[in-house]
Each structure stands twice: as structure tokens, then as C-alpha cells.
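**Student:** sequence plus the predicted model coming up.
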Amino acid sequence: MSIRWVYVTSVLLGLGGLARAEEVVITASRVAESLDETLASVTIIDRAQIEALQARSIDELLQGVEGVSFARNGGIGQITAMYLRGGESDHVLWLIDGVRIGSVSAGLPALQDLPVDLIERIEIVRGPRSSLYGADAMGGVVQIFTRRSAAAEPSFRVGAGSHGTRQASAGIRFGDDRLWWDLQAAHLQTDGTNACLGAPFPPGGGCFTSEPDRDPYENTSLNLRAGYRVGDHELEGFVQRAEADVAFDGSFYNQSDLVNQVAGIKWSSQWSEAWRSQWQLGQSRDESKSTRAGLNATGIFDTRRDSVSWQNEWETRSGRWIAGLDWLRDQISGTTTYDRDTRENRSIYASYSTEWSGTRIGLSARADNDQQFGSALTGSLALGRAVGPLQLYASAGTAFKAPTFNDLYFPGFSNPDLDPERARTLEMGVKARPDWGSWSVSAYRSEIKDLVAFDFVTFTPQNLAEATLTGLEGRLQWRQGDWRWDQSIGWLRAEDRSGDSSARRELPRRPQWQARSGLTWETSAVDWSASVLFTGRRYDDLANTVELGSHALVDLAATWRASNSMDVQLKVANAFDRQYATANWYSALGREVFFNIRYRASR
């Protein structure tokens with residue numbers, strides 16, 4: 001495939017729909033390639049699907065995706081953790097338009113604060129990607145591509161619903177293919193529910209306090225993008241900022257003001273038919289200020305990640321080469337004085353893909369040098385082959401996760417001698433795209449060593465734990481006339497293997513079974529849809545003494561195309577008011593009803 005300028009917005013037919021044109025994925029290899037030919041397990045969610053799902057948060061948007069599960073401490077805006085294929089919540093690398101995001105102190109992005117209304121497309125790549133991206137990509141990579149208007153025309157959305165929820169967003173684009181800028185803004189506000197059903201200490205439980213009140217949440221976000229193209233050269237920049245206020249139940253602080261900001265500048269050049277080069281500078285910030293009414297204390301954590309990337313892509317007769325350099329600096333400041341407040345990482349990576357006797361081959365390797373723990377080498381090998389209508393693939397890869405600032409430098413409770421967590425993964429899969437839709441099945445096994453766990457003898461984190469993750473996942477998409485069916489299913493055995501075989505336990509908050517089934521009927525004026533999300537039982541603690549029961553949630557939705565420019569939407573979430581929890585002491589939301597009006601000058 002020759003190198004070419006690529007901006008991809010895959011066109012799917014509604015919720016869980018089927019592609020009319022060839023879909024392209026960027027995140028799996030750091031360059032554009034056909035989704036059918038990529039040697040990885042990938043899910044793509046585009047803007048049409050986002051609007052059909054009527055999701056307010058990242059977890060509502062991604063629930064039911066193969067290999068993905070969530071735990072949330074209450075309602076919208078409360079702390080949210082995502083587990084990909086059973087790995088730890090910080091074993092996933094999150095990118096926004098190619099720039100790393102996440103708190104340096106905790107090692108996690110504030111998923112609950114990511115504005116869904118500003119997302120154009122999401123790519124979820126399952127399996128280790130450290131040989132391309134370095135630390136954090138042990139379980140996979142999730143990349144968010146921000147909104148880009150299709151034309152110089154305005155769009156907006158307003159909505160309201162249960163728990164005093166109000167939403168609004170608007171966007172507009174100016175310019176042409178040579179010079180353009182795009183502005184998007186969004187606001188979400190809810191009165192909330194009581195987040196935690198805890199009890200004061202002692203004996204305590206959950207959040208170790210009893211505050212039976214509503215915990216409101218408010219988020220205002222803005223995304224600005226601009227670009228300039230001359231011939232085969234393009235300069236593009238963006239900045240996204242989200243400011244949030246959230247109340248929660250806590251024994252010390254119970255109110256936080258949050259800022260999450262990410263910005264990037266990218267220069268791309270097509271120097272020849274065979275050579276393309278790209279420079280990118282990025283910065284992400286995660287800032288929080290926590291307080292409590294009547295308490296003369298404030299907790300401030302401000303973290304910053306600066307990054308520079310240089311990547312080159314060559315097409316030769318024998319195959320495609322990709323090589324690049326990455327530089328990353330993490331910094332932290334605030335009211336807590338860490339033993340160290342900055343660290344740097346330098347890395348070099350390369351990959352090669354070719355086809356030999358009908359077999360596709362992909363190789364990649366990366367060397368990271370971290371200022372704290374030294375060097376780390378990772379690599380991967382993937383093979384793929386078409387057998388009739390089937391696409392078969394298999395891969396093996398290594399990955400690592402760097403300890404967080406809290407693990408390494410938090411005063412009194414850290415360990416600067418920690419080693420990185422390391423993993424080895426094997427995967428095989430098969431996929432096909434028949435006339436009626438598509439389907440895929442994959443199986444995997446990961447062995448993770450040197451997991452960081454808190455040692456209650458020394459009261460410091462240590463490389464104590466080991467785990468194995470074994471799973472099977474599949475997806476089927478079917479279309480016949482006006483009907484569409486989207487089915488995903490996954491089985492997972494996430495096992496702590498730190499002790500002897502008689503003491504092995506399941507890792508907490510990872511359901512063994514999860515499945516989602518969605519059915520959509522399209523009429524001339526209205527799209528009707530219903531979905532069922534089943535989540536199997538899971539344990540809330542590592543000792544496997546607190547069980548969270550299985551549950552099935554039914555969502556109903558409708559979209560009425562009132563005109564060529566306006567849609568009216570209605571959604572009933574958890575229609576049968578199922579009571580459940582994804583984290584002990586934190587009740588999930590019951591039945592909710594939402595109403596939206598969407599306008600765009602052209603479809």
C-alpha cells in the first residue's frame with residue numbers, strides 16, 4: 001500500500017453498523033492501514049455510532065466493547081476505571097490525537113472528565129503495544145480523535161434528563177482544504193445522586209463516611225483545531241480543555257475542581273512517493289484542587305507531560321518500514337512534596353511489515369531509557385494469512401509498565417527501587433467480512449510479572465505480584481434490509497498467581513463473562529433500537545470475599561429524523577431499573593430517561 005495523506009472517518013451504518021467503504025485504523029501500527037489487514041484485535045467507534053448511543057461518558061460509550069469492563073464510584077463524574085482484557089486500569093495507554101494523557105501521580109487519565117461531545121472517533125487496540133508506544137501500553141491502546149466538522153456549517157445539540165441532567169454542545173468550521181480552523185464546545189451538568197453508601201470509621205466501609213446527599217457534577221469543555229496545507233506538507237495544531245467540578249463522599253475532602261488539558265502541534269511532509277515524515281510536539285496537564293466545606297485544608301496535585309515525537313515511514317519493494325524517536329518528560333507539583341518531581345524517558349522504535357508467499361509478517365521493537373529505572377526492551381511478531389474468506393492472524397509480544405510517581409516518590413510510602421511491571425502475551429484470531437456483515441473471534445493469554453503491590457509489612461509498594469490473563473472474545477455484526485444486529489461476548493480468567501496454587505484468586509472488579517446484544521430497526525423516519533448488556537459476577541477485593549453480583553441492563557432508544565437538519569432523540573437507560581454496583585458501597589444509577597435535539601446544517 002503506497003503512502004498517502006490519510007484522514008480517516010470510517011462510515012458505519014449506525015449503532016454497531018457495517019462498513020460501506022474500507023475502514024482504516026491508525027493506532028495499531030502508528031500509521032494508516034486497512035482494518036481488515038491489520039494483525040491486531042481492533043474496535044472502531046465513529047461519530048455516527050456515538051450519536052446513536054446517546055452516551056454521556058466514556059464508560060457508557062465503551063461498555064460492551066470486546067475485552068472492556070468498567071468500575072465507577074457512583075454516578076456521572078465520579079472516579080472511573082477501565083480494565084482491558086483483565087489488566088490493571090493503568091495498563092492501557094490513552095492518547096488524544098496522538099498525545100499521551102493521564103495523571104503522572106496516579107498513572108491514570110480522568111476518564112470521567114473526557115467530553116464525549118468532542119469526540120469524532122475512537123480506536124481501541126487490544127493486546128500489548130509497548131514495542132511501538134513504550135510504557136503503559138501493556139494491555140492495549142485507546143486513541144481518541146477529536147471533532148472535525150465536515151463543512152463550514154454550524155451544528156449544535158441540547159438535551160436534558162434524569163437527576164437534573166442538562167447538556168449542550170455546539171461547533172463550527174471555517175476555511176477550506178488549504179487553511180481551516182474548527183471550534184467545538186460542550187457543557188454537561190447534573191444534580192447527581194448519593195455516590196457512596198459508606199459508614200464512618202470505625203468500623204467503616206466504602207468511603208469511611210456517611211453523607212447521604214446528592215453529589216453534583218459539572219463539566220465545561222472546549223476544543224480548537226487549526227491547520228494549513230501547502231502541497232505535500234501540512235501543519236496542524238489543536239488544544240482541548242475540560243474544567244470540571246465534582247462533589248463526592250469522602251472522610252477528608254469531598255469536593256474537587258479539576259482541569260484536564262491536552263495540546264499538540266504536528267508537521268507532516270510527503271518528501272517522496274516512498275518517504276513520509278512527521279514531527280509532533282504535545283503536552284497534557286491533569287490538575288486537581290480538593291477541599292472540604294468548613295475544613296481549612298486544600299489538596300493540590302498538578303501534573304504535566306511534555307512529549308516530542310519524530311516518525312518516518314518508508315515504502316520499499318520488500319515492504320514498509322517505520323522508525324522514530326520519542327521523548328517524554330513527566331512533572332508534578334502541589335501541596336505534597338514528592339521525593340522527586342520530574343523524570344524523563346527517551347526511546348527509539350522501528351517496525352517492518354511485508355508479505356511473503358501469501359503470509360503477512362509484522363515485526364516491531366523498541367528501546368526505552370528511563371531516568372529512574374534504566375532501560376527496557378520490548379518487541380512483537382505478528383503473522384497473518386487469508387484462507388478463503390477468512391483472515392487468520394497470530395501474534396506474540398512483550399510489554400512493560402513504568403511505576404507511577406506515587407509508587408516511586410510519595411513521601412513516606414514509596415519505593416524508588418521498584419522495577420517496571422513486565423508482560424508476555426500470545427494471541428490468535430480469525431475474522432471475516434461476508435456479504436451480510438462481519439464477525440471475529442480471538443483468544444489470548446498474558447503472563448504479568450513484577451506487579452506492584454502494597455506491602456503491609458514495610459508499608460511501601462513492592463514488586464510482589466504475578467498474574468495470568470486468559471480470555472476469549474468475539475463479535476458478530478449482521479444486517480438484513482432495515483434490521484441490524486450487533487453481538488459481542490467475552491470470557492476472561494484474570495488470576496492472581498502470587499501464592500501457591502491453592503491460594504490463587506481472581507483479580508478484583510474483572511467480570512468473568514460479559515456480553516452485549518443490540519438490535520436496530522430503521523424506518524423511513526425513525527430508528528428504533530434496544531440493547532442488553534450482561535455482566536457476570538466479580539469480586540471487589542483481592543481476597544475474593546466481597547462478591548458483586550451479575551446483572552443485565554436493558555437500554556431503549558429512538559431517533560426521529562424531524563428534517564434534513566434536525567434529529568430528535570429519546571433514550572431510556574436501565575429500563576427495568578436494575579439495582580447493581582461495579583464497586584462495593586457505590587451504587588450505580590437506576591432507570592434514567594434522556595431527551596436530545598441535534599442540529600447540523602447538512603447531513
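**Tutor:** Done, it's in.

**Student:** what does the closest residue in space to residue 26 that isn't next to it in sequence show for phi and psi?
**Tutor:** Spatial nearest neighbour of residue 26, excluding adjacent residues (C-beta to C-beta, 6 or more residues apart in numbering): residue 32 at 5.4 Å. In this view, the C-beta of every residue, glycine as well, is placed from N, C-alpha and C. The phi/psi pair for residue 32 (degrees, to the nearest 10) reads phi -70, psi 130.

**Student:** so residue 32 touches residue 38, yeah?
**Tutor:** No: using C-beta atoms under 8 Å, residue 32 makes no contact with residue 38, being 10.2 Å away.

**Student:** common neighbours of the two, please.
**Tutor:** residue 25 (C-beta atoms under 8 Å, 6 or more residues apart in numbering).

**Student:** what's the spacing between residue 594 and residue 60?
**Tutor:** Using C-beta to C-beta, to the nearest Å, residue 594 is found at 11 Å from residue 60.

**Student:** what do you get for residue 546?
**Tutor:** Look at residue 546 and residue 60: by C-beta to C-beta, they are 25 Å apart.

**Student:** ok, residue 464 next?
**Tutor:** Separation of residue 464 from residue 60 (C-beta to C-beta) stands at 35 Å.

**Student:** between those two, which has more neighbouring residues?
**Tutor:** When residue 464 and residue 60 are compared for neighbours, residue 60 comes out ahead with 17 against 12, by other C-beta atoms under 10 Å.

**Student:** return the distance of the helix or strand hosting that one from the chain's centre.
**Tutor:** Residue 60 belongs to helix 58-62 when elements are defined using DSSP states H and E. Chain-centre distance of helix 58-62: 9 Å, with C-alpha atoms, centre = their mean, to the nearest Å.

**Student:** helix or strand right after that helix?
**Tutor:** strand 68-72.

**Student:** what's the first helix or strand after that next one?
**Tutor:** Downstream of strand 68-72, the next assigned helix or strand under DSSP H and E is strand 80-84.

**Student:** what pairs with that following strand, parallel or antiparallel?
**Tutor:** Here strand 80-84 has these sheet partners by DSSP bridges: strand 68-72 (antiparallel).

**Student:** where does this structure have low pLDDT?
**Tutor:** Applying pLDDT under 70 to the chain flags residues 1-21, 149-152, 201-205, 456, 501-502, 602-603.

**Student:** that one: helices as residue ranges?
**Tutor:** Along the chain, counting by DSSP state H, helices occupy 47-53, 58-62, 130-133, 405-409.

**Student:** got TSV for these, with distance to residue 140 too?
**Tutor:** Converted to TSV, these look like this (distance: least, C-beta to C-beta, whole Å):
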stretch	distance to residue 140
helix 47-53	19
helix 58-62	12
helix 130-133	10
helix 405-409	21
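
**Student:** does residue 179 have beta-bridge partners, and which?
**Tutor:** Beta-bridge pairing of residue 179, defined through DSSP bridges, involves residue 228.

**Student:** pull the number of nearby residues for the residue lying closest to residue 121 once chain neighbours are set aside.
**Tutor:** Spatial nearest neighbour of residue 121, excluding adjacent residues (C-beta to C-beta, 6+ apart): residue 145 at 4.3 Å. A count of nearby residues for residue 145, using other C-beta under 10 Å, gives 21.

**Student:** contact partners for residue 145?
**Tutor:** By C-beta under 8 Å, 6+ apart, residue 145 lies in contact with 97, 119-123.

**Student:** can you give me the neighbour number for the residue nearest to residue 26?
**Tutor:** So residue 32, with other C-beta under 10 Å, has 17 neighbours.

**Student:** now swap in the one 10 residues further on and tell me
**Tutor:** Under the neighbour criterion other C-beta under 10 Å, residue 42 is assigned a count of 21.

**Student:** what's opposite the spatially most central residue of the chain in the beta bridge?
**Tutor:** The residue lying closest to the centre of the chain (C-alpha atoms, centre = their mean) is residue 142, at 4.1 Å. In this structure, residue 142 bridges to residue 94, residue 124 when assessed by DSSP bridges.
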